[in-house]
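Participant: just to be clear, the model below is a prediction. Sequence and coordinates:
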Amino acid sequence: MQQFPPRRIVCLTEETVETLYLLGEQDRIVGVSGYAVRPPRVRREKPRVSAFISADIPKILLLEPDLVLAFSDLQADIASDLIRAGVAVHVFNQRDVAGILAMIRTLGALVDATGRADQLATAYEERLASIASAPRLSPKPKVYFEEWDDPLISGIGWVSELIEVAGGEDVLPKLRFQKAAKDRIISPDAVRAAAPDVILASWCGKKVVPDKIRKRPGWNEIPAVRNDRIVEIKSALILQPGPAALTDGLDALVAALWPEPLPSS
């Protein structure tokens, strides 16, 4: 029988896990994604039931969830299997900063914590505005963000926006409107032509190797390579569209773009 608010929730991605903990609703969580690492205690407190595009459906069903939280078309097959098994599923699809804030508020409504969720989202809105209005040197550093290295993928929506909040200029801003990774594949020559001052990389699921970036044909001409401004941003901080990206992820972007102290106002 469907419960409200749901008492047994399975989270198939990490951002809903972190949000529920921040709302003080973690006791409702009975299963999580293997990628869930925030807060750190989640790894010892909650059983892992899924990767990203695969899940242990029998294990999930044994947990008797009254709600499963999923993300995007990439988890559509998992959601479909669970729906056929009679489980209630809510699939989020946030791809930008506004979507992240809406996810927080929607999740709050789903667990009867509307007020706390609105306070959390409002605090993030104020934080974003404060960082965006901080004094910066001119000109803005031109930034290339690399989500994957083979093929090259860039332009993930919320990251592109957060680069601008951090005071940078995304060299490929139009890609942020392309939701599917296959539509954000770019050529090495496009990056060379854009001549970024800073290269930020977060290769989902594997460590960034700056030397591989430096050795790409012709990339020694790129200012970021010439000036050794290739910075890894940990994927757990920036590649999940949730609280991590708006806090530690954004802070990492600011630190990468402005390694020297900012001028006082």
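Facilitator: All right, it came through fine.
Participant: show me where this structure has strands.
Facilitator: 9-11, 29-33, 48-50, 67-71, 89-92, 142-146, 148-149, 152-153, 169-170, 198-201, 230-232 (DSSP state E).
Participant: out of the ones you listed, which one sits most buried?
Facilitator: strand 9-11 (a mean of 30; mean count of other CB atoms under 10 Å). Glycine gets a C-beta too; all of them are placed from N, C-alpha and C.
Participant: just checking, what packs against it?
Facilitator: helix 14-22, strand 29-33, strand 67-71 (3 or more CB pairs under 8 Å, 6 or more residues apart in numbering; DSSP states H and E).
Participant: which residues are in contact with that strand?
Facilitator: 17, 20, 28-33, 36, 49, 60, 63, 65-69, 111 (CB atoms under 8 Å, 6 or more residues apart in numbering).
Participant: one more time with 6 Å, if that's ok
Facilitator: Contacts to strand 9-11, defined as CB atoms under 6 Å, 6 or more residues apart in numbering, come from residues V17, R28, I29, G31, V32, I60, P65, L67, V68, L69.
Participant: next one: it to chain centre, how far?
Facilitator: Its chain's C-alpha centre and that of strand 9-11 lie 18 Å apart, by CA atoms, centre = their mean, to the nearest Å.
Participant: tell me the domain boundaries of this protein?
Facilitator: 9-129, 137-257 (automatic domain parsing).
Participant: straight-line length of the first one, end to end?
Facilitator: Across its full length, domain 9-129 reaches 33 Å between end residues, using CA to CA, to the nearest Å.
Participant: on that earlier part again, just put the domains of the chain in TSV and tack on mean pLDDT and distance to Q2.
Facilitator: Converted to TSV, the domains of the chain look like this (pLDDT from 0 to 100; distance: least, CB to CB, whole Å):
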stretch	mean pLDDT	distance to Q2
domain 9-129	97	6
domain 137-257	95	25
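Participant: looking at those, which is nearest to Q3?
Facilitator: domain 9-129 (4.6 Å; CB to CB).
Participant: just to revisit the earlier point, which one, of the strands of the chain, ends up nearest to L128?
Facilitator: L128 lies closest, by CB to CB, to one member of the strands of the chain: strand 169-170, at 15.9 Å.
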